[in-house]
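Chemist: Return atomic coordinates for the entry below.
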Amino acid sequence: MSRIGRKPVVLPKNVTATIEGHTIKVKGPRGELERRLHAALGVALDNGTIVVSRPDDEAEHKALHGLTRTLVSNMVEGVTKGFQKQLEIVGVGYKAETRPYGLQLALGFSHPVEYRAPKGIKLTAPQPTQITIEGADKEMVGQVAAELRSLRPPEPYKGKGIKYVGEQVRRKAGKAGGK
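Modeler: You can find the predicted model right below:
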């Protein structure tokens, strides 16, 4: 049996969950999330906890058991604490500015790049070389971070571009000296 899937997800006092068929809705102080779960697995609300169960010990059901429990746990954590990712901009003249619609980025192109934040995501630039992404949905926060990074990924020669905070960029030597 899955060790992770076996653990019940405890609901804090300020969080409510409703289960309708194979759809779960979790509502808390940071918003409301909804997810459709796999039809083979059972999800039940029991005394302030959510319990995920599987029908049998098939390999597919075992894998889905732990995954489903983790997805539900991330929903509960998202509506209580929220999730955050931080990006760092490296390069002369590269910067980010917060706008009402999202971010405006100067990344060495001939034009500024405008990135519109999806619903439920808050983008801020506390400093011109830092970007903070906050939201209740863990998948959405990670996707927005990946999309922003893909606008100008870090290059291996000078390290210029957008990278995650703490990410190590492998540097290359470049051209050898002249003759």
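Chemist: Against which helices or strands is the lengthiest helix in the chain packed?
Modeler: Longest helix in the chain by number of residues (criterion: DSSP state H): helix 59-80. Here helix 59-80 touches helix 3-6, strand 9-10, strand 23-28, strand 31-36, strand 49-53, helix 138-151, going by 3 or more C-beta pairs under 8 Å, 6 or more residues apart in numbering; DSSP states H and E. All C-beta spots, glycine's among them, are computed from the backbone N, C-alpha and C.
Chemist: Can you redo those as JSON lines, where the extra columns are distance to residue 75 and mean neighbour count?
Modeler: Converted to JSON lines, the helices and strands packed on helix 59-80 look like this (distance: least, C-beta to C-beta, whole Å; neighbours: other C-beta atoms under 10 Å):
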{"stretch": "helix 3-6", "distance to residue 75": "15", "mean neighbour count": "14"}
{"stretch": "strand 9-10", "distance to residue 75": "9", "mean neighbour count": "17"}
{"stretch": "strand 23-28", "distance to residue 75": "5", "mean neighbour count": "19"}
{"stretch": "strand 31-36", "distance to residue 75": "5", "mean neighbour count": "14"}
{"stretch": "strand 49-53", "distance to residue 75": "9", "mean neighbour count": "18"}
{"stretch": "helix 138-151", "distance to residue 75": "8", "mean neighbour count": "17"}
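Chemist: which stretch among those comes nearest residue 62?
Modeler: In terms of C-beta to C-beta, the element of those nearest to residue 62 is helix 3-6, at 7.9 Å.
Chemist: Between helix 59-80 and the lengthiest strand in the chain, find me the angle.
Modeler: Longest strand in the chain by number of residues (criterion: DSSP state E): strand 83-90. Following axes from the mean of the first three to the mean of the last three C-alpha atoms, to 10 degrees, one obtains 80 degrees for the angle between strand 83-90 and helix 59-80.
Chemist: ok so, going back, which one of the helices and strands packed on helix 59-80 lies nearest to residue 165?
Modeler: Here helix 138-151 is closest among these (C-beta to C-beta), at 10.3 Å.
Chemist: picking up where we left off before, what residues does the longest helix of the chain touch?
Modeler: 1-5, 7, 9, 11-12, 14-15, 17, 24, 26-33, 35, 37-38, 40-41, 43, 50, 52-55, 83, 135-138 (C-beta atoms under 8 Å, 6 or more residues apart in numbering).
Chemist: which parts of stretch 124-143 are buried?
Modeler: 125, 131, 132, 133, 134, 135, 136, 137, 138, 140, 141 (16 or more other C-beta atoms under 10 Å).
Chemist: Run the chain-centre distance for it.
Modeler: Distance of stretch 124-143 from the chain centroid (C-alpha atoms, centre = their mean, to the nearest Å) equals 9 Å.
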